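[1] coordinates only, no sequence provided:
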């Protein structure tokens, strides 16, 4: 697995201070579209070295979800240099997620 | 040239793909978002024969795998038009036009929007169309549900277990949904029902902070809510097909039980077809009928 599970404690170091753009996938086990998105994110993580993909379980980390106004999942937020550059809500094909990185 | 293009990878479209492949036709399925359609947000499906209890996502994945294992190709592209091109058809997406011999429209329905300013912008930032999907974000908060049918009532009841306060906003003086659910709601202390009322404005900064509700007497109230759940029905995804398919008054594709539309070689299957019962099993049934009719059509060319 190339996708690290992130908590409030590791968020700053892993996401905000990362040296590459980060796709942060806010998800939950009970969310069907989240489960569909996961293999696509796995693929992106495996194929690309110019970005990092992390997972945030909203049931465990509701404070992080609130901090970033996440209120519908799956929600993938692209962080560049510690700030939100873009977000994608709902299941999207892999190309659409990757397009966020090209923007 | 592809024999059969299926627009939509929900239960109707995937079933049509299975039937099309089993009849040895080449099949391309075009899907704008996720395969599985509406059921992917259903935690538990309990009315599909031979599956006493299965999550919507698992059922959808089984259908998807069955269709692809049989050789159906699935591409994630949004179809913007279907047109006739001489003896053939053309299915248009932002990536180009796919020529084919027959088309099955299995595009399903989508949630009807309220039609207030900034609604789309606030989806995922307070505005939601799925209480079971997004309810978890509103634990201990104030939310509103709009609508008068069973979905609105069940959403309100579901949210009443999580949220601090649930405002149920309905434009009429009585609910269309089940009386038993209405009685359950009325017994909840944290549910407040507002009749004769509509949502007229959304208040937001970065996310939704409140809504303005106007009643039929013209009285305006502002409610501080962090979530607005819209359950005002569903509309068929058929706009793009009006040039080749007759639509009913409410936008459904006019096609009989044989799924044939006005245009030879173009079929409609599933929730987007004008019919009486919209269920998972009637969607898959439509997929089988439409594909069988399409194969018959292909063999006659």
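    Nice, thanks for sending it over. This structure is a prediction, so every number in the text was calculated from the model and none was measured.
[2] skip ahead from the biggest helix by length in chain A and say which helix or strand is next.
    Secondary structure assigned by DSSP state H gives helix A:32-47 as the longest helix of chain A. Once helix A:32-47 ends, the next helix or strand along the chain (criterion: DSSP states H and E) is strand A:52-57.
[3] for that following strand, the distance to its chain's centre please.
    4 Å (CA atoms, centre = their mean, to the nearest Å).
[4] outside of that strand, which residues touch it?
    Residues outside strand A:52-57 that contact it (CB atoms under 8 Å, 6 or more residues apart in numbering or on different chains): A:2-6, A:11, A:14-15, A:18, A:20-29, A:41-42, A:44-45, A:64-65. Backbone N, C-alpha and C define where each C-beta goes, glycine included.
[5] those: which ones sit near chain B?
    A:28, A:65 (CB under 8 Å from any CB of the partner chain).
[6] in strands, which of the contacts of strand A:52-57 fall?
    Within the contacts of strand A:52-57, residues falling in strands by DSSP state E are A:4, A:5, A:22, A:23, A:24, A:25, A:26, A:27.
[7] what's the ChimeraX syntax to select whichever of those are buried?
    Burial among the ones in strands among the contacts of strand A:52-57 is assessed by 16 or more other CB atoms under 10 Å in any protein chain shown; the matching ChimeraX selection reads:
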select /A:22,23,24,25,26,27
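[8] what score does the residue nearest the centre of chain A have for pLDDT?
    Nearest to the mean C-alpha position of chain A, by CA atoms, centre = their mean, lies residue A:24 at 1.8 Å. We note a pLDDT of 97 for residue A:24 in this prediction.
[9] how about the residue lying farthest from the centre of chain A: what's its closest non-neighbour residue?
    Largest separation from the mean C-alpha position in chain A: residue A:30, at 16.9 Å (CA atoms, centre = their mean). Using CB to CB, 6 or more residues apart in numbering or on different chains and skipping the chain neighbours, the partner closest in space to residue A:30 is residue B:43 (6.6 Å).
[10] on that earlier part again, elements contacting the longest helix of chain A?
    Here helix A:32-47 touches strand A:22-27, strand A:52-57, helix A:94-102, helix B:56-69, going by 3 or more CB pairs under 8 Å, 6 or more residues apart in numbering or on different chains; DSSP states H and E.
[11] worst mean pLDDT among these?
    Among the helices and strands packed on helix A:32-47, helix A:94-102 scores lowest, at a mean of 91.
[12] can you check which helix is longest in chain B?
    Max-length helix for chain B by DSSP H is helix B:280-300.
[13] which other residues reach that helix?
    Under CB under 8 Å, 6+ apart, the answer for helix B:280-300 is B:3-4, B:10-20, B:23, B:25, B:37, B:39, B:45, B:47-49, B:59, B:101-102, B:104, B:106, B:108, B:257-260, B:264-265, B:267-271, B:273, B:275.
[14] in strands, which of these appear?
    Using DSSP E, the contacts of helix B:280-300 in strands are B:3, B:4, B:101, B:102, B:104, B:267, B:268.
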